[in-house]
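Q: could you work out the structure for the sequence below:
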Amino acid sequence: MGLMIMLFTVVLAFCLYLKIRKDLSNVWHGFFGNKSIKEVIANREIQAQETPKTLFGMETISLPYLEKDFPDLNINEIKSMAEDFIIKFLGALENKNGNNLEFNSEKVNSYIVSKINDLGSDTVNFNNIKIHKTILNRYEKKDGIATLKLQTALEYDYRKNDDQYKKVQDRFITEFIFIIDESQVSESAKALGLNCPNCGAPIKNIGEKYCDYCGSGIKDIVKRVWILNNFSQF
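A: Numbers count the residues shown, from 1 in each chain. Down below sits the predicted model:
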């Protein structure tokens with residue numbers, strides 16, 4: 001009796017297994033036809049390589065406020081600045097040298113150095129760089145500082161060491177700031193980690209009129225331009 005129950009249980013389990021397998025097979029073929037798992041994965045990888053990354057922005061909402069506060073500002077020029085920096089950043093990774101990226105905040109410079117250091121002895125190459133789109137993600141005005149955040153989607157052919165090139169879809173966030181009113185800037189934000197545009201020395205305080213190292217006038221420069229304050233991939 002016990003043997004019969006055991007055999008019945010085994011047969012029932014096997015039947016359930018066959019049914020589940022058939023059901024799963026039907027679902028698989030319903031979605032993917034006669035393609036194998038390997039083919040589906042390969043197609044997904046190709047699709048990921050060809051599909052630009054999604055951007056998230058509030059340009060239609062933020063742009064009218066930005067244009068009201070800065071009527072002479074051409075947002076396309078700021079977008080071009082962001083895109084130009086991204087291309088230079090990729091070049092800096094290739095050359096393992098970020099010296100050509102000037103007048104950035106200390107946060108940006110630290111990010112560049114950390115990315116170069118992460119490469120170690122590896123080499124990287126970026127070819128056929130194509131910018132898909134740059135959008136205004138956010139605009140805000142607080143404590144005497146105006147802040148613009150942009151998002152950029154792009155693609156490039158990427159190679160590490162002697163590997164084959166592969167297409168990569170990527171995206172970056174760039175943040176620009178403009179000192180509207182120095183007197184309103186809080187003490188905690190006075191030292192923004194900026195650098196002298198002439199010699200590259202750190203600017204300790206936005207209220208300083210001259211660089212401590214080379215003597216160049218910096219106060220007016222800092223106050224009349226949009227400065228790249230932060231930068232990252234996402």
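
Q: let's test this: name the helix or strand in the chain with the lowest mean pLDDT.
A: Here the helix or strand of the chain ranked lowest by mean pLDDT, DSSP states H and E is helix 219-224, holding a mean of 50.

Q: next SSE downstream of that one?
A: strand 227-233 (DSSP states H and E).

Q: tell me the contacts of K141?
A: 69, 147, 180 (Cβ atoms under 8 Å, 6 or more residues apart in numbering). To be clear about C-beta, it is placed using only N, CA and C from the backbone, and glycine gets the same treatment.

Q: isn't the first one up against A146?
A: Yes. Applying Cβ atoms under 8 Å, one finds D69 in contact with A146, separated by 6.7 Å.

Q: so which of the two has more stuff around it?
A: Shown here are D69 and A146; by other Cβ atoms under 10 Å, A146 has more neighbours (19 against 13).

Q: run through the chain and note the low-pLDDT ranges.
A: 1-5, 7-49, 102-104, 181-197, 200, 202-209, 217-224 (pLDDT under 70).

Q: max-length strand in it?
A: strand 124-142 (DSSP state E).

Q: can you give me the buried ones in that strand?
A: 126, 129, 131, 134-139 (16 or more other Cβ atoms under 10 Å).

Q: now swap in stretch 149-161 and tell me
A: 149-158.

Q: between which two of those is the distance greatest?
A: K149 and D157 (27.9 Å; Cβ to Cβ).

Q: hey, where'd the helices end up in this structure?
A: Under the criterion DSSP state H, helices of the chain are mapped to 2-32, 37-50, 59-69, 75-95, 106-119, 219-224.

Q: identify the residue nearest Y111 in space, chain neighbours excluded?
A: The spatial neighbour of Y111 that comes closest, neighbours along the chain excluded (Cβ to Cβ, 6 or more residues apart in numbering), is F231 at 5.8 Å.

Q: so who does the one you found touch?
A: Here F231 is in contact with 85, 89, 104, 107-108, 111, 172-175 (criterion: Cβ under 8 Å, 6+ apart).

Q: tabulate those residues (JSON lines), appending distance to L55.
A: JSON lines is the format used below for these (distance: Cβ to Cβ, whole Å):
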{"residue": "F85", "distance to L55": "17"}
{"residue": "F89", "distance to L55": "18"}
{"residue": "N104", "distance to L55": "23"}
{"residue": "K107", "distance to L55": "22"}
{"residue": "V108", "distance to L55": "20"}
{"residue": "Y111", "distance to L55": "20"}
{"residue": "F172", "distance to L55": "10"}
{"residue": "I173", "distance to L55": "10"}
{"residue": "T174", "distance to L55": "12"}
{"residue": "E175", "distance to L55": "15"}
